[in-house]
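*Asks:* Could you look at this predicted model? Sequence included:
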Amino acid sequence: MEIKHFSDVDITGKGLSIGIGKFDGVHLGHKKIIEEVVKKAKSKRLVPSIFTFKHFPVEFYITSWEEKLSIFENSGIEFCVWCDYEEISFWQPFEFIEYLKCINVQTIVIGDGFKFGAHRSGKIDDLKREFDVFVINSVKIDGDFVNSTKIRELLKEGDFQKVNKFLGRNFSFKGKVITGNSRGKNLGFPTANLSFLNNIKIKEGVYSCWVKFLDNFYKGALSIGNCPTFGSEEIKVEVHILNFDKIIYGEILEIYPVFRIRDQKKFENIGELKEAIKKDIKIIEENLTYPF
């Protein structure tokens with residue numbers, strides 16, 4: 001897939017079939033847009049393309065830039081035009097339309113709530129006057145419309161089963177293994193302390209998860225919280241990897257949370273905490289199945 005900043009795009013000899021949007025999460029609604037882009041490109045002999053943002057104002061990104069590009073490419077997109085939101089947020093609708101014409105856009109595929117230009121003043125009908133425009137209806141699951149805002153809410157609620165439904169794939173995040181205080185090791189359950197690679201927000205608690213390391217998957221118990229039994233106030237992300245004894249400081253782990261086991265809890269003593277961890281691990285061993 002060819003990837004170009006919007007300022008570096010030349011007039012393309014072959015017209016573009018293009019999907020436009022932030023594509024944060026690349027959820028089921030986004031996938032329908034991408035599928036239609038590829039379909040129109042094949043039928044009209046155009047280049048299947050995406051116009052998207054790399055950086056834009058939002059509480060946190062659901063997917064990393066690299067993951068987003070990978071999904072585009074694996075879905076049949078051949079050309080990705082990107083910019084940062086601030087670079088064009090002041091454009092009037094006619095300016096964006098002129099830009100699309102300049103790079104030889106022929107067909108546009110967008111969601112039914114699409115707006116563009118300064119103050120979101122551009123409407124779908126403005127595009128229809130210049131291009132062949134195909135509007136994809138919003139996807140609805142379990143009574144909720146699938147959108148990035150809702151997925152962020154679900155992440156903050158710790159509802160990964162519904163997050164995965166909305167994404168149409170298994171959600172994951174990456175973290176770098178950093179030095180911790182060895183509390184888990186001293187308890188008999190060593191953990192890898194993680195530093196998020198992006199500022200994602202997930203509800204505090206204990207979760208079952210799959211841990212991907214060097215292309216291998218391991219069962220894990222993911223803990224997000226402030227270790228209330230020890231009176232700590234610092235929010236930590238740590239994972240106990242079952243049947244694993246490698247030293248991995250500085251390595252990158254990919255975590256696939258599957259289901260929530262319990263809230264963070266302050267136990268009366270270390271013995272109670274250890275028993276709770278044993279129960280967590282038993283639940284994971286008995287209920288976490290692969291493929292997830």
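*Replies:* Done, it's in.
*Asks:* burial of L273, as a residue count?
*Replies:* A count of nearby residues for L273, using other C-beta atoms under 10 Å, gives 20. Backbone N, C-alpha and C define where each C-beta goes, glycine included.
*Asks:* Check whether it sits in a helix, strand or coil.
*Replies:* Here L273 is recorded as helix under DSSP: H, G, I helix; E, B strand; the rest coil.
*Asks:* unless I'm mixing things up, it is touching L187, no?
*Replies:* Yes - distance between L273 and L187: 7.0 Å, which falls inside the contact criterion (C-beta atoms under 8 Å).
*Asks:* Helix or strand with the lowest mean pLDDT in the protein?
*Replies:* Lowest by mean pLDDT, DSSP states H and E among the helices and strands of the chain is helix 183-187, with a mean of 65.
*Asks:* Can you name the next helix or strand after that one?
*Replies:* In the C-terminal direction, the helix or strand that comes right after helix 183-187 (DSSP states H and E) is strand 192-196.
*Asks:* Paired strands for that following strand, with orientation please.
*Replies:* When pairs are called by DSSP bridges, strand 192-196 turns out to pair with strand 173-178 (antiparallel), strand 236-241 (antiparallel).
*Asks:* Turn these into CSV, columns for mean neighbour count and mean pLDDT.
*Replies:* Shown next, in CSV, are the strands paired with strand 192-196 (neighbours: other C-beta atoms under 10 Å; pLDDT from 0 to 100):
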stretch, mean neighbour count, mean pLDDT
strand 173-178, 18, 94
strand 236-241, 22, 94
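*Asks:* Turn the ones you listed into a markdown table, columns for distance to E59.
*Replies:* Supplementary listing: these in a markdown table, determined by distance: least, C-beta to C-beta, whole Å:
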| stretch | distance to E59 |
| --- | --- |
| strand 173-178 | 15 |
| strand 236-241 | 17 |
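*Asks:* Of all the ones you listed, which one is nearest G113?
*Replies:* When the strands paired with strand 192-196 are compared by C-beta to C-beta, strand 173-178 sits nearest G113, at 26.8 Å.
*Asks:* Tell me how far that closest one lies from the chain's centre.
*Replies:* For strand 173-178, the distance between its averaged C-alpha position and the chain's averaged C-alpha position is 15 Å (C-alpha atoms, centre = their mean, to the nearest Å).
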